[in-house]
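Asker: task: produce atomic coordinates for the following.
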Amino acid sequence: MDFEELPKEDWYSILNAEPSDSLTELKRKYQKLVLLVIHGGKAAVSLSSEAGEEVQGCSSSQYHPDKQSADVPAGEVEARMQRFIEIDRAWKILGNEETKKEYDLQRREHELTQVFPVDAQVSLQDMAWNCSDQSYSLICRCGGDYTVSKTEAEDVSLVCCDSCSLVIEILR
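Answerer: Residues are numbered from 1 along each chain as shown. As a prediction, this is how the structure comes out:
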């Protein structure tokens, strides 16, 4: 998933979740939403997520909107199907640690560019290498430092100054 392809949807809000939620909590929220979509939002569905138990045997194919009862109006079936697809897509991204990490990084970069516009684009070769810290650094015009570790430099493309609100974009 490239940064330019970052969806307008906030996958966390679709699952009524927070970025700090564990995978177990995300799964519980996903399962609860799937059941609510299938049953039209009726609270008659007994969910034990509040007690900390997982809904057993919940899979996306088991609760697919096509498997609903025939007494649901056609327009509502379509709306439920679209909601199910949206919830399932959010789970596919957030339910996998690798794709969740990538999404979180892209989301954070997107947030930074909205709050702090990029001041400059800098190549890693233009930054000073610090052997003892295993990090790259660059002096900001305010006198502060832009610092990124070697491992962070592989994943992160935006770096904030440690003393002001300026942000640089690292070019690879």
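Asker: could you pull out the strands in this protein for me?
Answerer: Remark: strands assigned in the chain by DSSP state E are 118-123, 128-130, 135-139, 145-149, 158-160, 167-171.
Asker: any chance of those strands in TSV with distance to Trp11, mean neighbour count and mean pLDDT as columns?
Answerer: Where you see a C-beta, it was placed from the backbone N, CA and C, and this is true even at glycine. Putting the strands of the chain into TSV (distance: least, C-beta to C-beta, whole Å; neighbours: other C-beta atoms under 10 Å; pLDDT from 0 to 100) gives the following:
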stretch	distance to Trp11	mean neighbour count	mean pLDDT
strand 118-123	24	14	84
strand 128-130	36	12	93
strand 135-139	31	17	93
strand 145-149	26	18	91
strand 158-160	20	21	87
strand 167-171	24	18	87
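Asker: those strands: which one's closest to Asp104?
Answerer: Ranking the strands of the chain by proximity to Asp104 (C-beta to C-beta) places strand 158-160 first, at 13.4 Å.
Asker: neighbouring strands for the closest one, and are they parallel or not?
Answerer: strand 167-171 (antiparallel) (DSSP bridges).
Asker: hmm, back to that, which one, of the strands of the chain, ends up nearest to Leu94?
Answerer: Closest to Leu94 of the strands of the chain, according to C-beta to C-beta: strand 158-160, at 21.7 Å.
Asker: and for that closest one, what are the contacting residues?
Answerer: With contact meaning C-beta atoms under 8 Å, 6 or more residues apart in numbering, strand 158-160 is reached by 109, 112-113, 116, 118, 146-148, 166-170.
Asker: OK, contacts around Asn16?
Answerer: For Asn16, the contact set (C-beta under 8 Å, 6+ apart) comprises Lys29, Leu33.
Asker: then the helix ranked longest in the chain to CSV, C-alphas only?
Answerer: Taking DSSP state H as the criterion, the chain has its longest helix at helix 74-94. C-alpha atoms of helix 74-94 as CSV (Å, rounded to 0.1, in the frame of the first residue of the first chain):
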residue,chain,number,x,y,z
ALA,A,74,-33.7,-5.5,-0.8
GLY,A,75,-32.4,-2.0,-0.2
GLU,A,76,-31.4,-2.9,3.3
VAL,A,77,-29.6,-6.1,2.1
GLU,A,78,-27.5,-3.9,-0.3
ALA,A,79,-26.7,-1.4,2.5
ARG,A,80,-25.8,-4.3,4.9
MET,A,81,-23.6,-5.9,2.2
GLN,A,82,-21.7,-2.6,1.6
ARG,A,83,-21.2,-2.2,5.3
PHE,A,84,-20.0,-5.8,5.6
ILE,A,85,-17.5,-5.3,2.8
GLU,A,86,-16.2,-2.1,4.5
ILE,A,87,-15.9,-3.8,7.9
ASP,A,88,-14.2,-6.8,6.3
ARG,A,89,-11.7,-4.7,4.4
ALA,A,90,-10.9,-2.8,7.6
TRP,A,91,-10.3,-6.1,9.4
LYS,A,92,-8.1,-7.4,6.6
ILE,A,93,-5.8,-4.4,7.0
LEU,A,94,-5.9,-4.1,10.8
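Asker: appreciated, that's everything.
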